[in-house]
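Visitor: fold the following for me, if possible:
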Amino acid sequence: MPRYRPRTSTLPFGSVTANSETRLRTSTAVPELTPELGSFEDRYRALIESTRDAVLVVDRNSGRFVEVNAAAADLFGRTPHAFLNSSLPELFAPASSGADRELLSELLASSRVSRSRLQFVREDSLPFYGDLTAANFQAGGQHLCLLSIRDITQQVRRERDLGLAHESLREARAQLVHSSKLAAIGELAAGVAHEISNPAAFVSVYLSEVCREMARAERAIENLKAKYCDDFAAILALSELEHGGRSFAEVGEMLRDSLDGVQRITSTVKELRAFARIERDDTEVVDINEIVKTACKVCHTQIRYRARLEESLKATRTIVASRSRLIQVVTNLLTNAAQAIEEAAPGQHRIRVATEATEDCLLVTVEDSGRGIDPETRAKIFQPFFTTKSRDVGTGLGLALCANIVRDHLGEISVQSKPGGPTVFEVRLPFNNGLVPGWAETSRPPRNKVGSRKKLLIIDDEVQLLRAYQRSLSRYHDIEIAEGGAKGLGRILQGGNFDLIVCDLMMPDVDGVDIHTAVTEKAPELISRLVFSSGGVFTRRVQEFLRATESIQLQKPLEIGAIEEALSVLKVER
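Guide: Now for the predicted structure:
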C-alpha cells in the first residue's frame, strides 16, 4: 500500500507549522500536495468539510487547536486565526466549567469518549448546546484529539418547551383534581353542617340562656345583700350561697368558653362549606382586637407549654367582616405557630400577635420563634391538602382556609420565613372591602331595644331546637312553634295572623321553598312576613330559590337581635 505524505505536515489534513508564519489551515487554505497524495487529501478534506458537524483537532499536550473545518468556524463564530489563538477550555460556557478537564481525563483512560448536552459558548458570548464525540490519535509524533460537535440547541429548546408545557399541564390537572376534591368537600360539609347546626344551635341557645340566668342571679344576690344588709342571718346565707362553690365570675367564664367552643365547631364546618362557594356568612362591624383576644383564649392551652404569648393590639378602627371567620384565621395562625415549637422550653420561645391600623387597611401579624419554613415548603403552604404534618395531626386545609377567608374579605395573606426561624404571617384586611353588615349578629347583644311583644311562628324539623327557641325568645315575644314543614304550613293557612314567620329552609317532605310557594298562592298577605333560617344550604333547588328571591335569611341559632332587626326591616306594627 503506497504511503501518502504532505510536503509541509505530518497531520492528516493541513497543519500548523512552527515558524513565525504559523497559521491554521481550513478549506480555504489547502496545503500544497504532491501529485500522488492530492487525490487522497482532496477526498479526505471533502469528507471533513462536507459534514454538518463541527470538527476540530486539538493538541493534547498544549490544549490548543491545530485544525478546524468550516462548520466549526461557523458554529463558534470564530475566524481560523481566532481558533489558532485559543484553547479547548475557551469553548465551554461557564455552566460547563471543568468539562474540558474531565474530557481530557477520560480520554487518558479511553481512546474514545462521547458526552451529551454540553454547553458551549460562541465568540459573541451566546451559549449553545452540543453533543460531543472525542477520539485520540497520533500523527507525526504528536498526541492529538479529534473532536466532533453537533449543535443540538434547537432540540434542547424544544424539549425544554415540551417540559414546561408538560409541567403546566400537570399543574392544571392537579388544580382540576383539587377543584373536584374541594367541590366534594363543599357538598359533604354542607350536608354535615346542616346536621351539626341544629344540635349546635340549641346547645348555643341554652348556653346563652344560662349565661343570662347566671348574670341575673348574681344581680339578685347583690340586691338582696343590699336590702338585708342589717340582717346577719340573711347576709350569712347569701354569702354561703355565693361562695359555696365556684364564683359567679368563674362559672360565667366557663359558660362563655363553652359557647365559644360550640361556635368554633360550627364555624369550622362553615369554612369547609365556603370552599364550594355555596353561601357567604353574615357580616358585621367587628373589633379586630376583640377577635384576636378571643382567638388567643381559644389557643391558650396549646401555646402555654411551648412559648410565651405576647400581644400588641394597637388597631383603633373597626371593619365590616365575618367575625367567626376572622376568629378562625387568627386561631389557625396561632395554632400553626404553636405547632412549630417543640414542647420543651416555653421560656425560650415566644409567639407574638399584633394588630395595627394603617391608612387603608387593618394589619394582623403572627410571629413565632419556631423552626422556620424552607423556601420549597413556603411556596406551597397555602395550597389545599398540602401539609408537612402527619395524617393524624394535619389535613392540609388550615392555611388554605385562612387564604380563602382573607380573599373573601378582599385581603392578602403572606408569610416570611427561613429554616431556623423566625416565621411571620401577615394578614392585610382593607377597610374598603365592599361588605355591609348582615342580618344575623348571633354572637353580639341586640343593638336595637326590644319593642312591643309580637306574635311569632317558628317552623323547624328539630324539636329540641324549637323548645330552645321557645324558652329563650318567649321573654320578648309570643312564640308558637311547629315541628316540620307540613304542620307549619297548616298553621299558617289556619289564619294565625303572625307578625313574623321564621321557617327553616332545609326540611324533609315540605321545606322552605314549598312553604314560600304555598303562602304566595294561598295567603299572599303573609308572604312579606315570611323569613327563613338556615344552618347550611346544600341542595341546588334551595340555592336557586335563594338567588331568585329577596327573602331575608337568618343564620342559626336565632337570637333576639336578629329577630328585632327582621321586624324592624319589615316594619311590623300592631
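Visitor: next up, the contacts around Ser116.
Guide: The contact partners of Ser116, by Cβ atoms under 8 Å, 6 or more residues apart in numbering, come to 131-132. Backbone N, C-alpha and C define where each C-beta goes, glycine included.
Visitor: figure out the helix or strand that it lives in.
Guide: Using DSSP states H and E, Ser116 sits within strand 112-121.
Visitor: got the angle between the next helix or strand after that strand and strand 112-121?
Guide: Under the assignment DSSP H and E, the closest C-terminal helix or strand after strand 112-121 is strand 127-139. Angle of strand 127-139 versus strand 112-121, following axes from the mean of the first three to the mean of the last three Cα atoms, to 10 degrees, is 140 degrees.
Visitor: please renumber the chain so that the first residue is 57 from this point on.
Guide: Renumbered: residue one is now 57, and that last one reads strand 183-195.
Visitor: quick one: mean pLDDT for strand 183-195?
Guide: Mean pLDDT, strand 183-195: 88.
Visitor: quick check: buried residues in whichever strand or helix holds Ile347?
Guide: Under the criterion of DSSP H and E, Ile347 resides in helix 344-360. Within helix 344-360, the residues scored as buried using 16 or more other Cβ atoms under 10 Å are 344-345, 347-352, 354-355, 358-359.
Visitor: which other helices and strands contact the next helix or strand after that helix?
Guide: Per DSSP H and E, the first helix or strand lying C-terminal to helix 344-360 is strand 364-369. In this structure, strand 364-369 makes packing contacts with helix 344-360, strand 406-413, judged by 3 or more Cβ pairs under 8 Å, 6 or more residues apart in numbering; DSSP states H and E.
Visitor: looks like Glu340 contacts Val376 (just checking).
Guide: Yes - using Cβ atoms under 8 Å, Glu340 is in contact with Val376, at 7.1 Å.
Visitor: how far away is Asn489 from Glu615?
Guide: According to Cβ to Cβ, to the nearest Å, Asn489 stands 25 Å off from Glu615.
Visitor: who has more neighbours out of the two?
Guide: Comparing Asn489 with Glu615 by other Cβ atoms under 10 Å, the one with more neighbours is Glu615, at 23 against 16.
Visitor: how about the strands in the stretch 307-456 of the chain?
Guide: 340-342, 364-369, 375-377, 406-413, 417-424 (DSSP state E, counting those that start in this stretch).
Visitor: go through those strands and name the closest to Leu582.
Guide: strand 340-342 (28.9 Å; Cβ to Cβ).
Visitor: who does the closest one pair with, and is each partner parallel or antiparallel?
Guide: Paired strands of strand 340-342, with direction, are strand 375-377 (antiparallel) (DSSP bridges).
Visitor: what's in contact with the partner strand?
Guide: 339-342, 344, 418, 465, 485, 487, 489, 491-493.
Visitor: now swap in stretch 528-538 and tell me
Guide: With Cβ under 8 Å, 6+ apart, stretch 528-538 has contacts from 261-262, 264-265, 506, 509-516, 522-523, 525-526, 544, 546-547, 552, 554, 614, 616, 619.
Visitor: quote the end-to-end distance of that stretch.
Guide: 16 Å (Cα to Cα, to the nearest Å).
Visitor: quick one: neighbours of the nearest residue to Glu539 once chain neighbours are set aside, just the number.
Guide: Using Cβ to Cβ, 6 or more residues apart in numbering and skipping the chain neighbours, the partner closest in space to Glu539 is Val519 (5.3 Å). By other Cβ under 10 Å, the residues close to Val519 number 13.
Visitor: Arg585 is nearest to which of the strands of the stretch 307-456 of the chain?
Guide: Judging the strands of the stretch 307-456 of the chain by Cβ to Cβ, what sits closest to Arg585 is strand 340-342, at 24.4 Å.
Visitor: burial of Arg373, as a residue count?
Guide: Neighbours of Arg373 (other Cβ under 10 Å): 11.
Visitor: quick one, what contacts the residue lying closest to it once chain neighbours are set aside?
Guide: Leaving aside its sequence neighbours, Arg373 sits nearest to Ala413 (Cβ to Cβ, 6+ apart; 4.6 Å). Taking Cβ under 8 Å, 6+ apart, we find Ala413 in contact with 370-373, 419.
Visitor: state the distance from the spatially most central residue of the chain to Tyr100.
Guide: Residue closest to the mean C-alpha point of the chain, counted by Cα atoms, centre = their mean, is Phe438 at 2.1 Å. Distance of Phe438 to Tyr100, computed by Cβ to Cβ: 66 Å.
Visitor: buried residues, stretch 526-536. List them.
Guide: Quick answer for stretch 526-536 (16+ other Cβ under 10 Å): 528-529, 532-533, 535-536.
Visitor: let me fix that: stretch 114-127
Guide: In stretch 114-127, counting by 16+ other Cβ under 10 Å, buried: 114-116, 119-127.
Visitor: flag the shaky bits of the stretch 357-506 of the chain, pLDDT-wise.
Guide: 441-453, 494-506 (pLDDT under 70).
Visitor: try 90 this time
Guide: Low-confidence segments of the stretch 357-506 of the chain (pLDDT under 90): 357-363, 377-384, 387-388, 391-392, 394-405, 425-461, 463-465, 473-478, 488-506.
Visitor: and the helix holding Ile347, how far from the chain's centre?
Guide: Taking Cα atoms, centre = their mean, to the nearest Å, the mean C-alpha location of helix 344-360 is offset from the chain mean by 22 Å.
Visitor: residue contacts, the nearest residue in space to Pro564 that is not next to it in sequence?
Guide: Ranked by Cβ to Cβ, 6+ apart and with sequence neighbours excluded, the top spatial neighbour of Pro564 is Asp517, at 6.4 Å. Under the criterion of Cβ under 8 Å, 6+ apart, the neighbours of Asp517 are 539-541, 560, 563-564.
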